[in-house]
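1. with the sequence up front, the predicted model follows.
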Amino acid sequence: MARAVRVKAKKDEPARLRAIVSGLETLYPDAHCELDFKTPFQLLVATILSAQCTDKRVNLVTPTLFARYGEPATMAEATTKDIEPIIQSTGFFRNKAKSIVGAARVIMEDFAGTMPRTMDELLTLPGVARKTANVVLGTAFGIASGVVVDTHVQRLSGRLDLTQHTDPKKIEQDLIKIIPQDRWILFSHQLIWHGRKVCQARRPNCMECNLERLCYSKDKTV
Ligand code: SF4
């Protein structure tokens, strides 16, 4: 019986995908990045700090951090010891301080103090992988270079059968193929919001999920 349902779902896959995209549009038309920032550099720093940490916690430390080191020039002059006490509560603070100061120095030395605006250039910054680069390009510059794959996008893409992969790079490649490029930026925000509000890791609230009829996850609670 379960097999028959799955075969039907695969046959109707384009319609199911369109319904998922439009269901997320209806639910979260204004989905956006919840990190506080004023410049692309500040978003880069906040995104690095958000690894293994909530946006809420990051937003508590960045006002102090940005008041002193809000530009690449001032951050590049700082030492990791200056930064560590300010960002300690975000976890993994030694590595994060190294990445942030290192990124600022590369921006000053290789990009004349201007934030790079391409994936290849952003990937040369210490501590920056595709997820962080996609956040900066999409949210700060409005450039749809890919799809942000964080822990929520990873989990929901699996539950909604948008990918069979678990590796973020492969998940991103799958999403790029099935989501129209003009939806890439908003779609990741929408999946992240749905992951935070409804489809949580431990116990998804499927009773309240408007994608329920489109979802065949073994994690479903209804
Ligand atoms: S039905 Fe449940 S598992 Fe599927 S997307 Fe909705 S909340 Fe997540």
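-> The structure has been received and is ready for your questions.
2. now do the same end-to-end measure for stretch 145-163.
-> Distance across stretch 145-163, first residue to last, is 19 Å (Cα to Cα, to the nearest Å).
3. tell me the buried residues in that stretch?
-> Neighbour-count burial for stretch 145-163, counted by 16 or more other Cβ atoms under 10 Å, picks out 145-150, 152-163. Where C-beta positions appear, they are placed from N, C-alpha and C, glycine not excepted.
4. from the residues you listed, which land in helices?
-> If you go by DSSP state H, these have 152, 153, 154, 155, 156, 157, 158, 159 in helices.
5. possible to save those residues as a markdown table with pLDDT?
-> Formatted as a markdown table, these follow (pLDDT from 0 to 100):
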| residue | pLDDT |
| --- | --- |
| 152 | 97 |
| 153 | 98 |
| 154 | 98 |
| 155 | 98 |
| 156 | 98 |
| 157 | 98 |
| 158 | 97 |
| 159 | 98 |
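6. now cross-check those residues against the ligand and list the overlap.
-> Contacts with the ligand within those, counted by Cβ under 6 Å from any ligand atom: residue 159.
7. wait, which of the ones in helices among the buried residues of stretch 145-163 is closest to the ligand?
-> The ligand lies nearest to residue 159 out of those, by Cβ to the nearest ligand atom, at 4.5 Å.
8. does that closest one touch residue 198 like I think?
-> No: contact criterion Cβ atoms under 8 Å: residue 159 and residue 198 do not qualify, at 11.1 Å.
9. identify the residues contacting residue 137.
-> 117, 118, 119, 122, 143, 144, 145, 146 (Cβ atoms under 8 Å, 6 or more residues apart in numbering).
10. same check, this time on residue 105
-> With Cβ under 8 Å, 6+ apart, residue 105 has these contacts: residue 76.
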